[in-house]
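Asker: need a structure here:
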Amino acid sequence: MDLKKLEDLLENSWTKETSADPQNWNIFNPAWGQCAITALIVQDFMGGELLRTVIPRKKENISHYWNLLPEGREVDFTSKQFSSDVIIKDGEERDRHYVLSYPTTRKRYVLLRLAVENRIRKNPLFSDDIFKTCFETALDSECQKMKFSCLVFYKNNLILRTYNKTIEPLKELCQPECIRLKITSRTESMIGACGHAEEWALWEAVDKKIPLNDCSFYIAGFNGKDNTPWIKSAEEHTCLRCSVQMYMAKVGKIYVPVNDDWGSLTPENAIKTSIAYAMKEKKIE
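Answerer: Residues are numbered from 1 along each chain as shown. Next up is the predicted model:
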């Protein structure tokens with residue numbers, strides 16, 4: 001991603017809803033309150049570290065974030081929100097998981113990240129509430145390869161939100177580097193430290209005694225490195241491990257993002273489409 005292009009994409013995507021201070025945001029100062037989530041997205045595309053400082057103000061001090069790029073250059077796309085006499089310095093590194101631990105920051109990050117993605121490749125899914133919730137849920141995953149989430153709807157009501165996460169006795173398989181980074185995607189699915197989002201959803205539903213045949217599973221994936229949404233080009237499920245379990249549990253419907261909408265599958269079709277990936281007859285695009 002060209003740095004200037006990324007700056008333009010972000011500036012054109014800032015809104016009142018993505019600002020940390022929507023009451024004082026306006027179109028004449030669109031960078032107002034956008035620093036933390038902007039820095040996160042610059043990090044998504046460019047790598048590097050997040051920097052934070054506190055800017056003294058008469059009424060209330062302001063926390064401010066910007067970026068330190070891998071080559072050592074500092075970039076601050078939101079410094080323009082302040083007057084010219086404000087000096088930004090003494091930045092300390094911050095971990096992105098800490099920044100995203102704040103619920104309101106996370107929601108704003110999802111809105112801005114998908115707005116930027118929509119300007120790169122226009123897609124109605126990026127404005128879809130279910131897809132936004134999938135993205136927000138997947139952010140809890142620490143998977144280095146792919147972050148997946150699964151939303152379970154029972155009679156059209158959202159009842160469960162799960163994501164792929166480490167199974168404690170297998171944690172050594174992802175320390176310090178996930179073993180699956182060296183394995184062809186969707187093959188050898190039993191090797192890895194993560195319990196898949198669908199698996200966690202199934203067992204939570206069982207524990208809650210929810211009739212699975214009346215449930216719909218919405219499953220979405222995001223690149224573990226830069227959070228880019230993974231949109232399929234065909235109605236298919238690609239994990240044989242999970243599709244077999246959903247089939248045996250007799251879940252109602254399975255939904256996956258396909259092109260510009262949610263595509264639906266029966267558990268039987270999920271198995272049939274995932275076999276080709278397990279057998280290495282097809283590869284992830």
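
Asker: so how far is Ser63 from Lys16?
Answerer: According to Cβ to Cβ, to the nearest Å, Lys16 stands 19 Å off from Ser63. All C-beta atoms are positioned from the backbone trio N, CA, C, and that covers glycine.

Asker: then Leu3?
Answerer: For Leu3, the distance to Ser63 (Cβ to Cβ) stands at 24 Å.

Asker: just Ala278 next, same as before
Answerer: For Ala278, the distance to Ser63 - Cβ to Cβ - is 47 Å.

Asker: okay, the two: which has more neighbours?
Answerer: Applying other Cβ atoms under 10 Å to Ala278 and Ser63 shows that Ala278 carries more neighbours, namely 19 against 12.

Asker: look at Glu285 and report its pLDDT.
Answerer: With respect to pLDDT, Glu285 scores 67.

Asker: what does Ile62 give?
Answerer: The model's pLDDT for Ile62 equals 89.

Asker: my read: it touches Thr53, true?
Answerer: No - using Cβ atoms under 8 Å as the test, Ile62 is too far from Thr53 to be in contact (9.4 Å).

Asker: ramachandran angles for the nearest residue in space to Ala20 that is not next to it in sequence?
Answerer: Nearest residue to Ala20, sequence neighbours excluded (Cβ to Cβ, 6 or more residues apart in numbering): Gly33, at 3.8 Å. Torsion angles at Gly33 (phi, psi; degrees, to the nearest 10) stand at phi 70, psi 20.

Asker: do I have it right that Gly33 meets Ser19?
Answerer: Yes - applying Cβ under 8 Å, one finds Gly33 in contact with Ser19, separated by 3.5 Å.

Asker: so what sits against both of the two?
Answerer: Counting by Cβ atoms under 8 Å, 6 or more residues apart in numbering, the common neighbours of Gly33 and Ser19 are Trp25.

Asker: per the record, what domains does the chain have?
Answerer: For the chain, automatic domain parsing gives the domain ranges 3-99, 123-278.

Asker: and among those, the most buried is which?
Answerer: domain 123-278 (a mean of 18; mean count of other Cβ atoms under 10 Å).

Asker: tell me where the stretch 51-200 of the chain has helices.
Answerer: Using DSSP state H, counting those that start in this stretch, the helices of the stretch 51-200 of the chain run over residues 96-99, 103-120, 129-138, 197-207.

Asker: how near is the nearest residue to Glu11 once chain neighbours are set aside to Leu111?
Answerer: Leaving aside its chain neighbours, Glu11 sits nearest to Pro30 (6.6 Å; criterion: Cβ to Cβ, 6+ apart). In this view, Pro30 and Leu111 are 14 Å apart by Cβ to Cβ.
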